[in-house]
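*Asks:* pasted the sequence and its predicted model underneath.
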Amino acid sequence: MTYLTACWSPCWCYNNVKHGTIAVSIYTIVMSVIGMIYALWIGWGGGDSNDLYTPFFETDVRNSAKGLAVAFIIICIFFLASGLLLWRGTVKNIRGYFLPWIILTSILILYTFVFGIFLVARYYIDPRSVMAAVFNWLFTITNAYFLLCVLSQYKILKMYQSPHTLLYP
């Protein structure tokens, strides 16, 4: 039994989860590239990191931003590789290629949920922190829905690829 039969998101809608999984892999690849460009801009371009809603909030551009930017680029490279594997696994019907994306996205969902709680608990006086936490949780919910779409395609592939043996008495 799958979780979803179609992939309907705010950006696109597909009648089956295979095409939805391909769209999720393209989304992951594009967001990884955007994240790497953003990290390069903050870490080495001297971009502004004072905004509450940015991943580099409260980092010093001279000291800690470069190290955090390198870590962020490494994470984006992992997501880029997992998005490419997800795309390849969906096209070629290889369900083992889904696992890196599933694991990384599960960690991302947990992290963004906890980070939203941190924003509300730490900066509860500032209404912008509550708004940033709400947008962060919307991002988390969207990624959780994408995870359900990919898990549904994984279960469909598992069902079709499992051996069916009939035992007669």
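*Replies:* Thanks, I have it.
*Asks:* what about Val24, neighbour count?
*Replies:* Val24: 28 surrounding residues under other Cβ atoms under 10 Å. Every residue, glycine included, has its C-beta placed from N, CA and C.
*Asks:* ah, wrong one, I meant Ala71
*Replies:* 12.
*Asks:* kindly report the same for Arg128.
*Replies:* 12.
*Asks:* and the helix or strand that it is a member of, what does it pack against?
*Replies:* Using DSSP states H and E, Arg128 falls within helix 127-161. Using 3 or more Cβ pairs under 8 Å, 6 or more residues apart in numbering; DSSP states H and E as the contact definition, the elements that helix 127-161 packs against are helix 17-43, helix 99-122.
*Asks:* which of those sits closest to Ala132?
*Replies:* helix 99-122 (5.6 Å; Cβ to Cβ).
*Asks:* so how far is Pro127 from Gln153?
*Replies:* 40 Å (Cβ to Cβ, to the nearest Å).
*Asks:* neighbour count: the two, which is higher?
*Replies:* Neighbour count, other Cβ under 10 Å: between Gln153 and Pro127, Gln153 has more, with 28 against 9.
*Asks:* next up, the contacts around that one.
*Replies:* Residues near Gln153 by Cβ atoms under 8 Å, 6 or more residues apart in numbering: 17-18, 20-21, 90, 98.
*Asks:* switch to 7 Å and redo it
*Replies:* For Gln153, the contacting residues are 17-18, 21, 90, by Cβ atoms under 7 Å, 6 or more residues apart in numbering.
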